[in-house]
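generate coordinates for the sequence data below:
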Amino acid sequence: MGNVSFETRRGELKTYFGQTAADKWVALTSQSPVSYIRETVRAGREETRATLLGWLPKDVTGHRVYDAGCGTGVLAQEAASRGATVLGVDISEALIAEANDRATSALDRLSFIAGDMSADHGEFDHVIAMDSLIHYPLPTIMELLEGFAQRTTNSILFTVAPSTPALEAMKFAGKFFPKNDRSPAIEPVKEKALRQAIAEAKGALADFAIEDMHRVSTGFYKSTSVKLVRRSA
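Residues are numbered from 1 along each chain as shown. Next comes the predicted model:
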């Protein structure tokens, strides 16, 4: 897929989130004290998560939600607590184990499995991919979105890393951080290119259009949330 081998990048992500930084990611997605840099990331992720959940219908009772790249399951649990039936999938077995340990409510509507988020896990009303596409270039993102579109009846909510001078500079500076403290490369995406790619999409994705976008910038966290909805017949 795309300019970067999907299999290669997925392998990097599995190693990083499953071994190298699993404990750090567990801490980041909890209320444990973290460094200033990670605190800005935590704050940004909280705002992004609220945005994506806010784009779901007010009443999601009976809706099926797919959390693609669910990590420790924070978003999935919130969606389930609102009445949705949620499946969370993540490449990291360690994070899925943590998600299952944290799942204390809505257990009849909430399940987590370790696996490939691009695989066919059934049909859903809504797919949410929060910060799970940011490690792939635009051509790969489009292929992943096409796969989601084939199995989604209502909306696809996802995030990309915005292409900004600040993020490009941070990406470059990250090369000087200790290797074992860095996640796999983030691939910034230009908004104009993303809009054009979605507007020109073929296949199942052609039935979807951008309804809303929201930019979050908190210190070292930069993210653009995108709401795709199925076009009216």
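
can you give me phi and psi for the residue most central in space within the chain?
The centroid of the chain falls nearest to residue 130 when counting by C-alpha atoms, centre = their mean (2.2 Å). Backbone dihedrals for residue 130, given as degrees, to the nearest 10, come out at phi -90, psi 110.

so it touches residue 50, yeah?
No - counting by C-beta atoms under 8 Å, residue 50 is not a contact partner of residue 130; they are 10.8 Å apart. Glycine gets a C-beta too; all of them are placed from N, C-alpha and C.

what about this protein, any weak spots by pLDDT?
Along the chain, segments meeting pLDDT under 70 span 1-4, 166-183, 233.

tell me, how many residues neighbour residue 194?
By the measure other C-beta atoms under 10 Å, the count of residues near residue 194 is 20.

same question for residue 141.
With other C-beta under 10 Å as criterion, residue 141 counts 23.

leaving out chain neighbours, which residue sits closest to it?
Closest residue to residue 141 apart from its sequence neighbours, by C-beta to C-beta, 6 or more residues apart in numbering: residue 133 at 5.0 Å.

list the contacts of the one you found.
69, 141, 144, 158, 159, 160 (C-beta atoms under 8 Å, 6 or more residues apart in numbering).

show me the residues you listed that map onto strands.
158, 159, 160 (DSSP state E).

tell me the one of the contacts of residue 133 nearest residue 190?
Nearest to residue 190 among the contacts of residue 133: residue 160, at 9.5 Å, using C-beta to C-beta.

and the gap between the nearest residue to the closest one once chain neighbours are set aside and residue 137?
Nearest residue to residue 160 in three dimensions, chain neighbours excluded: residue 189, at 4.3 Å (C-beta to C-beta, 6+ apart). According to C-beta to C-beta, to the nearest Å, residue 189 stands 8 Å off from residue 137.
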